[in-house]
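K.L.:
Show me how the following folds:
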Amino acid sequence: MTLARRLLLLALISVLPAIVIWTYTEVSLRRAREAEIHEQVIRQAQLAGSELERIFDGIQSLLTALEEARSIRGFDTPICSPYLKSLQQKMPQVRSFVALDLEGQVRCTSGKPSNPDLRFTNRFYFQEALAKRQFVIGDFTSGFVESGLPAQPVLPLAMPIRDSEGRIIGVIAGALDLNWLDLKLKERTLPPNGAITITDRNGVILAREPFPEKFVGRNLPESAVQYFWRDKAGSYEAVSIDGVERVIGYIPLQVPPVGIFIAAGLSTKASFQPINQASRRGFMLIAAALILALSLSWLASRAFITKPFDIMIGALRDWRRGDYRARIDLPRNAGEFSLLAKGFNDLMDDVAERQQALRASEERARLALEAGHMGTWWYDLQKRTGGWSSQAATLLGLPEARTTASVEDWRGIVHPDDVESSLENLRNAVRGNGNYEDEYRIRRPNGEIRWINSRGRVTFDEQGEPVFFIGIFQDITERKQADDQQRFFLDELNHRVKNTLATVQSIAAQTLRSTNDTAQFKEAFEGRLLALSKTHNLLTRKSWREADLREIVEQELAPYRKTGDTRVSINGPKVNLPARYAINLGLVVHELVTNAAKYGGLSVPSGHLDVLWSIVPAEDRAPHLRLHWTESGGPPVSPPKRQGFGSRLIKRSIEGELEGNMVLNFAVEGVSYDISVPLMGDPRLTEAMHR
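P.N.:
Next up, the predicted model:
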C-alpha cells in the first residue's frame, strides 16, 4: 500500500469514531422505538378491548332488563314484539331483538315475524346461552333471519330467559350492528397510520379498519390464528392482510372480552419515519465530513508524499539503466524523506565499490567450480528456456561456448536407461518443496559414460507457482568407481567372516563331544551359528546396510514349510532393518522357530503358526515395531519350571540389545509372544524404514 493511500486510510480511521457513535445511537434509538411501538400496539388493543367490553356490558344490562319483562317471560307476542321494536329504534347499535322459546321458535321480535314453522335451535348463541346459563357472545352472522333482517353483518349477543321460579324457558338475543361497531372503534381506538381487527372465536373478521368493506366476513390468515390461544396479550411483526408491514398487538380469546380476538397494528414504515429521517441527516453529515477529510488528505499527499517520491523514483530508474552516478536531490523541507534520500545516496556509493568486489567473487567461484569438476545450470519454468555454464558444458563434453540448451538437448545427453527416472526426480522437485538431488549417467559425444551428481532448488512466486530452477553438476565418476571397489572388498571380507564362523562351529562341535550332553548342545550351538550366518548373507546382499524382516522370518521357517503348506501364516509390511537389528531379530526368530518345531505348533501336523508385525506410529515417542508370534493346535502348553538358554537369549536380545519389551503368554492352546522394539534405537533405522 502506498503512503498516499495510507494517509487516506488514516483520514478514514479518524472519521471512524463518528461512524461508530452514529451507528450506536441509531441502533439504540431503533431498539427504544421498537420497544415503544410494541407497548403502544398492546395498549391500543387493550383500549379496543375495553371499548368492546363497555359495549357488551351495555347490551348485557339491556338484555337482563328485557328478560325480566312480564311480556317477554310470558312470550306474549302482541305485547312483547311492539315493545322490542320500540326499544330497538332507540338503540341504533342493535339491529334487532328476538325472544325464542326452548323449541327455538321466535316468539317475540323487533323486526318482521319469521315463519312460525322455523326453529333456530342450531344457532350457536342459542346453544351457548342454554349451556352456560349466562350472557354469551355469538359468532359472525351475515343475516339475522330470526327477525327478518336483510343480508347485513351482525354479532348476536344472548342470555337465557328465566320464569319467576328461576327455570330457563327460552333465550333473548340482540343482533349487534357490525357497521356501527366498526365506526365506533374507528372513532375511539384507531390511531394514525394504524389498523384494528376484531374477529369471533372462529377467526371470522367482525370489524376492520381500514378497508372494512374488503375484510369483514373473511377469515383471518392462518399466520395470525396461532395467537388465538395464547394466555396473555402480546405483539409481533408481520405483513397484515392489507399488505402493509406492521407491528401488531393482540388480545387472545381467553383474555376479556372472552371469545373475541382483538389485534391493533401500527405501520412499521410510518412509525420509524422520524428516526429514518434523522438517520439520513446524520449519514449525510458523516459522508460530507469523510469526503472533506479524504480530499484534504489527498491534497496533502500530493504535496508532501507524491512529489518527493517522483523525484526518488526518477533517480532509481536512472540507476537501473546503469547510471551509478544518479543521486536523489530533494528540497530542504522534504522532512523524513531527506533521510531516505541520504540513505539511498550512501547506498549508491557502496554499490560502486561492491560491483568490483562482486566481479572478483565471481572469478573465485568460477575457479572453485573448475577445481571441483563442477558446473552450474538453470531452467526458466515460465519461459521454458535453460542452459548451463561454460564449466558445465566442458564437464558434459560439449564446447565451452554452448551455454544454452533445451529439455530435448538434456535428454540427448543423459544415458537412455536413466532419462525417465531423472525426469521424474526433476518433476517431483517442482511439485514438492523445491529441493532436488539426483545421480545419473551421461553419454559424452565421444561415447564415454560418466556419472553425474546434480543438485538444485526451485524458487516459487508469491502464489506458490514454480518460477526458476537452478543447480550444479559434479562429475562423480571416480567416486562411483571407488564405491564399486569398496563393495568388492566388503564382499570378500564377508566371505572370510563366514569361513571363520564355520571354523568356530567345527571346533565347538569337536570340543563338546566329550561332554555328557554333547548332542543337545551341539544341535543348539550349530543352529545358532547357522542363523547368524544366514543373517550375514542377507546383510551381505545389501552391503551390510540393511536386511528385510520378511526374508529373515521366511529363511528361518523354510525347513518347516512345503509348497502349498497353510500351517504357517506370515503377514506384515516391508521393514528394512539395519545390521544390529537384523542380527538380534534373526537370533530371536531362530529360537522361536526351534522351540515351535520341538515343543509347539510346528511339532505336530495339525499345528499352526501366525507371524504378524506392524509399525505403530506415535506423536510423543519413536514409532515401534510390533511383532506377534502365535502358536496353536500343538501339544498342550504349560509354563516351564526353569528358564533355558534360548529364553534368556530372546529376552537379552529384545530388552537388552534393542531396548524393547516382550510379553510371553503360556496359553493352553499355544504359546504366544508380543514383542515391541523402538525404531529410533539406531540412527540408520529411520532412513532404512523409508526406503
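K.L.:
Going by contacts, tell me the helices and strands next to the longest strand along the chain.
P.N.:
Looking across the chain with DSSP state E, the single longest strand is strand 449-460. When contacts are defined as 3 or more Cβ pairs under 8 Å, 6 or more residues apart in numbering; DSSP states H and E, strand 449-460 packs onto helix 419-431, strand 435-443, strand 466-475, helix 477-512. Where you see a C-beta, it was placed from the backbone N, CA and C, and this is true even at glycine.
K.L.:
Give me the neighbour count for residue 467.
P.N.:
A count of nearby residues for residue 467, using other Cβ atoms under 10 Å, gives 13.
K.L.:
That one and residue 159, how far apart?
P.N.:
As judged by Cβ to Cβ, to the nearest Å, residue 467 and residue 159 stand 97 Å apart.
K.L.:
just residue 100 next, same as before
P.N.:
Counting by Cβ to Cβ, the separation of residue 100 from residue 159 is 12 Å.
K.L.:
overlap in contacts of those two?
P.N.:
Counting by Cβ atoms under 8 Å, 6 or more residues apart in numbering, the common neighbours of residue 100 and residue 159 are 171-172.
K.L.:
where in the stretch 251-400 of the chain is pLDDT low?
P.N.:
276-279, 282, 293-294, 297-309, 322, 324-325, 330-340, 342-343, 352-373 (pLDDT under 70).
K.L.:
Strands along that one, start to end?
P.N.:
Remark: strands assigned in the stretch 251-400 of the chain by DSSP state E, counting those that start in this stretch are 261-267, 374-380, 385-388.
K.L.:
who does the first one pair up with?
P.N.:
Applying DSSP bridges, strand 261-267 is found paired with strand 194-199 (antiparallel), strand 245-251 (antiparallel).
K.L.:
Okay, buried residues for stretch 253-269 please.
P.N.:
253, 255, 257, 260-268 (16 or more other Cβ atoms under 10 Å).
K.L.:
Widest-spaced pair of these?
P.N.:
257 and 268 (27.7 Å; Cβ to Cβ).
K.L.:
circling back to that earlier point, dump the strands paired with strand 261-267 into JSON lines; add distance to residue 120 and mean neighbour count as well.
P.N.:
Below are those laid out as JSON lines (distance: least, Cβ to Cβ, whole Å; neighbours: other Cβ atoms under 10 Å):
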{"stretch": "strand 194-199", "distance to residue 120": "23", "mean neighbour count": "24"}
{"stretch": "strand 245-251", "distance to residue 120": "30", "mean neighbour count": "22"}
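K.L.:
What strands line up against the longest strand of the chain, and which way round?
P.N.:
Strand pairing (DSSP bridges) places strand 449-460 next to strand 435-443 (antiparallel), strand 466-475 (antiparallel).
K.L.:
closest to residue 346 out of those?
P.N.:
Among the strands paired with strand 449-460, if distance is taken as Cβ to Cβ, the winner is strand 466-475, at 31.2 Å.
K.L.:
Can you report phi and psi for the residue nearest to residue 122 when sequence neighbours are not counted?
P.N.:
In space, and not counting its chain neighbours, residue 122 is closest to residue 104: 7.7 Å by Cβ to Cβ, 6 or more residues apart in numbering. Dihedral pair for residue 104: phi 80, psi 10, per degrees, to the nearest 10.
K.L.:
Next: residue 623.
P.N.:
phi -60, psi 150.
K.L.:
ditto for residue 60
P.N.:
Dihedral angles for residue 60 - degrees, to the nearest 10 - are phi -60, psi -40.
K.L.:
Check what pLDDT the closest residue to it other than its chain neighbours gets.
P.N.:
Residue nearest to residue 60 in three dimensions, not counting chain neighbours: residue 135, with 4.6 Å by Cβ to Cβ, 6+ apart. pLDDT, residue 135: 91.
K.L.:
which stretch in the helices and strands packed on strand 449-460 has the least confidence?
P.N.:
helix 477-512 (a mean of 59).
K.L.:
my guess is residue 449 meets residue 441, correct?
P.N.:
Yes - using Cβ atoms under 8 Å, residue 449 makes contact with residue 441 at a distance of 5.5 Å.
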